[in-house]
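*Asks:* Give me a model of this one.
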Amino acid sequence: MDRKLDDFFELGPKKRNNNKSNNSDSKKSRKKLKSTNLDEFLPEEHINFFKNLRIGSKRIARKKIEEV
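*Replies:* Numbering: from 1, shown residues only. Sure, this is the predicted structure:
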């Protein structure tokens with residue numbers, strides 16, 4: 001190896017040629033995540049707890065403050 005350090009810098013990084021993306025203007029598309037139903041993962045106790053929290057928060061938000 002009789003190369004100098006400058007010879008390595010002139011080469012630069014290697015560029016990849018992807019056959020999949022022919023358009024350089026197009027962005028890489030993301031896969032859309034599938035919607036998951038939490039009922040499949042959580043026990044029924046937890047589901048009911050979260051449902052009660054949601055209903056309760058709506059009631060509290062709509063309720064007028066009568067006494068301080």
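*Asks:* for this protein, which spans come out with low pLDDT?
*Replies:* Applying pLDDT under 70 to the chain picks out residues 1, 11-27, 38, 55-68.
*Asks:* which residues of it fall in helices?
*Replies:* For the chain, applying DSSP state H gives helices covering 5-11, 44-62.
*Asks:* Lys31: neighbour count?
*Replies:* 5 (other Cβ atoms under 10 Å). Placement of C-beta: from N, CA and C, glycine included.
*Asks:* next one: Glu10
*Replies:* By other Cβ under 10 Å, 7 other residues sit near Glu10.
*Asks:* swap in Leu33?
*Replies:* Leu33 has 6 nearby residues by other Cβ under 10 Å.
*Asks:* List the contacts of it.
*Replies:* Listed by Cβ atoms under 8 Å, 6 or more residues apart in numbering, Leu33 has no contact partners.
*Asks:* measure it to Leu42 for me?
*Replies:* 18 Å (Cβ to Cβ, to the nearest Å).
*Asks:* And Asn48, how close does it get to Leu42?
*Replies:* From Asn48 across to Leu42, the span is 10 Å (Cβ to Cβ).
*Asks:* Kindly apply the preceding question to Glu10 instead.
*Replies:* 60 Å.
*Asks:* again, but for Asp7
*Replies:* 61 Å.
*Asks:* Comparing those two, which residue is more hemmed in?
*Replies:* Between Asp7 and Leu42, counted using other Cβ under 10 Å, the more crowded position is Leu42 (13 against 10).
*Asks:* quick one, what contacts Glu10?
*Replies:* Not one residue lies near Glu10 by Cβ under 8 Å, 6+ apart.
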